[in-house]
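Asker: Structure for the following, please:
(2 chains)
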Amino acid sequence: MDMEIALILGQDGITNGAIYALLALALVLVFAVTRVIFIQQGEFVAYGALTLAMMQGGTVPATVWLLLVMGVLVTALDGSAALRAGQVRRAAAVAGWNLVYPLALLAVLAGLPVNELPLAVQVLLTLGVVVPLGPMMYRLMYQPIASAPVLILLIVSVALHITMVGLGLLFFGAEGQRTPAFSDASFDLGPLMISGQTLWVLAVSSLLIVALYQFFERTLYGKALRATAINRVGARLMGISPTLAGKLTFFLAAFIGALSGVLIAPITTIYYDTGFLIALKGFVAAIIGGLASYPVAALGALIVGLLEAFASFWASAYKEVIVFTLIIPVLLWRSLNSRHVEEEE
Amino acid sequence: MTQTSITTPGNTGALNPVLEIKDLTVSYGKVEALTNASLTVGEGQIVTVIGPNGAGKTTMLSAIMGVLGSKGEVSFDGTLEIVPEVEHMVARGMTLVPEKRELFGEMSVEDNLTLGAFQRYRMGKRDQAQTLEEVYALFPRLKERRDQAAGTMSGGERQMLAVGRALMAKPKLLMLDEPSLGLAPLIVREIFRIIAELRRRGVSILLVEQNARAALQVADYAYVLETGQIAMQGPAHELADDPRVIEAYLGLGGKHQAMLST
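Answerer: Predicted coordinates:
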């Protein structure tokens, strides 16, 4: 291997690592706040990428129908509960977000020539379709069992993952899709050619990480999520409802997932089931951070990305094996070093 | 155990009841931890519930707050809550400082306090900066330690933080579960001084304590809870003079176990 190849592999590794970092952060966040292991993160990646591809292909993305169905279910549950309690305004708000919004989105997607709109608008529409699926999923599947043991929540996640992969095949077909790059620009840096898309991925990931940091450090809602992660009972006594925290967390996770999908769609071909493997690498990174530490998880993601890139050069057949084997020494090291976490008091 | 010698018709000092519970019953499976408890807290009153370990004091507070499911009636600030729900109760002006304090250990003192105002912030009342200054005025120590992580503070400071955090919600009713537990005598005195000061500012307080002497001294009205039932009640100074209370809770020996078995 010469320097040039090493630089190219490094660039690949860092680009993928940035995506894994985002996914790892979302996994850590979801687990810390709700104790859910968010296996279906990968499906949000695939749904994001393929929804954008469908829009660009000139068809109404099928995911909007899923949004509508889930919206109807949420409206039926929460809207009727609010009406029974006599809270008309709340019922109207529920119906507005879960019924009127998907219908309006459907009208826009069916009515406008979406494939001729600028890319930025298409990306916004994609996020508008896929991201609300997150909080709706929390409402329908996790909220009724929010206090169940971690294992039960994990089983629900596995079931949702399998369902979403199946629906993905139904929505998008078995064909892989690749979307055009955000920009065709490329830069020469010595022997290295940096593509515009790489810069987009790095810029958006860094921006998002900084924004998340600001959200958790500076805003009361961000602090409320951290508080829920640290002490659920204490947070409840402050009036921070687990439902609100759960929905907000799933919103953020779905946003990160869908955005990651949009970002990597021009780099790799995405199939309906590609997301799982991508998210699994984010999961390896999250495990390196012990499902608890954000900085270590982000660092772990970069390691995973670089390891994957170099493994694909030296032993491409064993690329995935090498990446996932990383989990074993990490778990071993963690189990030898694990300290019992002191309870408050 | 039945209602005993003290036959006061109830908490008559409570002209304007802030909290009224009737026949509150809580069961863990088949075991009733609290049986038909009735209690009233009037506006501006300090009402204390004393009793031995395991009598159901914490259970009672949890049920009033909605942390635990219960049967019976809980009326707060003039409205009957059929099924109390924590977030709703906080929004209506009830706060609980639990026995374990439940602080956000890795977050700073100031963040802990700010989160106390979360429900008010959500309802659009963005006056937490001013409330924060008021709480700091009450607990100057917390201001000194505002940037320190809550988990690294001493027991007394943590109790102050827990009370301060609850006050950030500007409660009508503050419920304190064993605020003196595990604290040095000097700090206990400080805590009770603050409780009296809070009443002076118009906060109604429901105080659950094992330290019966201190609780009866500061309270207006008192209930004795034994094995899940209200065994006695009366104005605090009367209960403090009652021979049975003196023997079981104020005397030197821990004789209440013996009394329970007769």
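Asker: in the stretch 151-262 of chain B, which ranges drop under the pLDDT threshold?
Answerer: B:251-262 (pLDDT under 70).
Asker: and with 80 instead?
Answerer: By pLDDT under 80, the weakly predicted segments of the stretch 151-262 of chain B are B:248-262.
Asker: For it, which segments count as helices?
Answerer: B:155-167, B:185-200, B:212-218, B:236-241, B:243-245, B:256-261 (DSSP state H, counting those that start in this stretch).
Asker: what are the ranges of the strands in chain B?
Answerer: Using DSSP state E, the strands of chain B run over B:17-28, B:31-42, B:46-50, B:71-76, B:79-81, B:94-97, B:173-177, B:204-209, B:221-226, B:229-235.
Asker: For the fifth one, which strands pair with it and how are they oriented?
Answerer: Partner strands for strand B:79-81, per DSSP bridges, with pairing direction: strand B:71-76 (antiparallel).
Asker: One more: the first one?
Answerer: When pairing is defined by DSSP bridges, strand B:17-28 lines up against strand B:31-42 (antiparallel), strand B:71-76 (antiparallel).
Asker: before we move on, back to that, okay, the strands of chain B in JSON lines with mean neighbour count next?
Answerer: Every C-beta, even on glycine, is put in place using the N, C-alpha and C of the backbone. Output for these, formatted as JSON lines (neighbours: other C-beta atoms under 10 Å in any protein chain shown):
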{"stretch": "strand B:17-28", "mean neighbour count": "18"}
{"stretch": "strand B:31-42", "mean neighbour count": "20"}
{"stretch": "strand B:46-50", "mean neighbour count": "26"}
{"stretch": "strand B:71-76", "mean neighbour count": "17"}
{"stretch": "strand B:79-81", "mean neighbour count": "12"}
{"stretch": "strand B:94-97", "mean neighbour count": "27"}
{"stretch": "strand B:173-177", "mean neighbour count": "24"}
{"stretch": "strand B:204-209", "mean neighbour count": "25"}
{"stretch": "strand B:221-226", "mean neighbour count": "24"}
{"stretch": "strand B:229-235", "mean neighbour count": "21"}
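Asker: Can I get the ones you listed in CSV including distance to B:Q159?
Answerer: Shown next, in CSV, are those (distance: least, C-beta to C-beta, whole Å):
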stretch, distance to B:Q159
strand B:17-28, 23
strand B:31-42, 21
strand B:46-50, 17
strand B:71-76, 25
strand B:79-81, 28
strand B:94-97, 8
strand B:173-177, 9
strand B:204-209, 13
strand B:221-226, 22
strand B:229-235, 27
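Asker: Of those, which is nearest A:Q11?
Answerer: strand B:94-97 (54.1 Å; C-beta to C-beta).
Asker: If you count contacts, what does that closest one end up packed against?
Answerer: Counting contacts by 3 or more C-beta pairs under 8 Å, 6 or more residues apart in numbering or on different chains; DSSP states H and E, strand B:94-97 packs against helix B:57-65, helix B:155-167, strand B:173-177.
Asker: Dump the strands paired with strand B:17-28 to TSV, plus mean pLDDT.
Answerer: Output for these, formatted as TSV (pLDDT from 0 to 100):
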stretch	mean pLDDT
strand B:31-42	91
strand B:71-76	90
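Asker: In TSV, list the ones you listed along with distance to B:K172.
Answerer: As requested, the strands paired with strand B:17-28 are exported to TSV (distance: least, C-beta to C-beta, whole Å):
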stretch	distance to B:K172
strand B:31-42	10
strand B:71-76	8
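Asker: Around A:I303, count how many other residues there are.
Answerer: Other residues near A:I303 come to 18 when the count uses other C-beta atoms under 10 Å in any protein chain shown.
Asker: contacting residues for A:A254?
Answerer: A:A254 is in contact with A:44, A:130-135, A:137, counting by C-beta atoms under 8 Å, 6 or more residues apart in numbering or on different chains.
Asker: With pLDDT, neighbour count and secondary structure as extra columns, can I get those residues in JSON lines?
Answerer: Shown next, in JSON lines, are these (pLDDT from 0 to 100; neighbours: other C-beta atoms under 10 Å in any protein chain shown; DSSP: H, G, I helix; E, B strand; the rest coil):
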{"residue": "A:F44", "pLDDT": "95", "neighbour count": "30", "secondary structure": "helix"}
{"residue": "A:V130", "pLDDT": "96", "neighbour count": "31", "secondary structure": "helix"}
{"residue": "A:V131", "pLDDT": "96", "neighbour count": "24", "secondary structure": "coil"}
{"residue": "A:P132", "pLDDT": "96", "neighbour count": "23", "secondary structure": "coil"}
{"residue": "A:L133", "pLDDT": "95", "neighbour count": "24", "secondary structure": "helix"}
{"residue": "A:G134", "pLDDT": "95", "neighbour count": "27", "secondary structure": "helix"}
{"residue": "A:P135", "pLDDT": "95", "neighbour count": "24", "secondary structure": "helix"}
{"residue": "A:M137", "pLDDT": "95", "neighbour count": "23", "secondary structure": "helix"}
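Asker: Also within reach of chain B: list those from these.
Answerer: Among the contacts of A:A254, proximity to chain B is found for none (C-beta under 8 Å from any C-beta of the partner chain).
Asker: for stretch B:51-58, which positions count as buried?
Answerer: Applying a neighbour-count criterion of 16 or more other C-beta atoms under 10 Å in any protein chain shown, one finds B:51-52, B:55-58 buried in stretch B:51-58.
Asker: which residues touch stretch A:75-89?
Answerer: The contact list for stretch A:75-89 (C-beta under 8 Å, 6+ apart) reads A:90-91, A:94-95, A:98-99, A:139-140.
Asker: Does B:Y221 touch B:G234 like I think?
Answerer: Yes. Assessed by C-beta atoms under 8 Å, B:Y221 is found in contact with B:G234 at 7.4 Å.
Asker: Contact partners for A:L212?
Answerer: A:L212 touches A:25, A:252, counting by C-beta under 8 Å, 6+ apart.
Asker: Packing partners of the helix or strand harbouring A:F313?
Answerer: Assigned by DSSP states H and E, A:F313 belongs to helix A:294-314. In this structure, helix A:294-314 packs against helix A:3-34, helix A:274-288, helix A:319-325, with contacts taken as 3+ C-beta pairs under 8 Å, 6+ apart.
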